[in-house]
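> heads up, no residue letters with this:
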């Protein structure tokens, strides 16, 4: 962690480190909402949600398949995990393994 002087662009931050200042923020990042635990300074687990997708070969009859004899693919969201680590299956979808 580094200390800085006059970081805010409008004057001194009163000796507060850049890291300490960032830990007071809440913002949307690439993995969802980002915030920090005020006691430990660690990233809060209230934001990230993860999804598992299958990439599947499209049937010739599916919309967007082209119908021209070429193989096309689509993605299917099959499961999601909340920040608490609880996985839920998406209704009507199931994960297909390479063996089918």
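Received, thanks. Please read all numbers here as calculations on a predicted model, not as lab measurements.

> what ranges in this protein fall below the confidence cut-off?
1-15, 46-48, 60-69, 83, 100 (pLDDT under 70).

> so how far is residue 44 from the residue nearest the centre of the chain?
With distances taken as Cα atoms, centre = their mean, residue 31 lies nearest the centre of the chain, 2.8 Å away. Noted for residue 31: a distance of 12 Å to residue 44, by Cβ to Cβ, to the nearest Å. (Each C-beta comes from the backbone N, C-alpha and C, glycine too.)

> tell me how far stretch 37-49 lies from the chain's centre.
14 Å (Cα atoms, centre = their mean, to the nearest Å).

> residues making contact with it?
With contact meaning Cβ atoms under 8 Å, 6 or more residues apart in numbering, stretch 37-49 is reached by 19, 23, 29, 31-36, 80-84.

> now render those residues as CSV, adding secondary structure and distance to residue 57.
Formatted as CSV, the contacts of stretch 37-49 follow (DSSP: H, G, I helix; E, B strand; the rest coil; distance: Cβ to Cβ, whole Å):
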residue, secondary structure, distance to residue 57
19, helix, 48
23, coil, 46
29, strand, 33
31, coil, 29
32, strand, 31
33, strand, 35
34, strand, 37
35, coil, 41
36, strand, 43
80, strand, 23
81, strand, 26
82, coil, 30
83, coil, 33
84, coil, 34
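
> of these, keep whichever come out buried.
Among the contacts of stretch 37-49, those classed as buried by 16 or more other Cβ atoms under 10 Å are 23, 34, 35, 36.

> looking at the residues you listed, which is nearest residue 53?
residue 34 (23.0 Å; Cβ to Cβ).

> distance check, the residue nearest to that closest one when sequence neighbours are not counted against residue 40.
Excluding its sequence neighbours, the residue lying closest to residue 34 (Cβ to Cβ, 6 or more residues apart in numbering) is residue 27, at 5.4 Å. In this view, residue 27 and residue 40 are 19 Å apart by Cβ to Cβ.

> could you do residue 94 as well?
For residue 94, the distance to residue 40 - Cβ to Cβ - is 38 Å.

> could you do residue 57 as well?
Distance of residue 57 to residue 40, computed by Cβ to Cβ: 46 Å.
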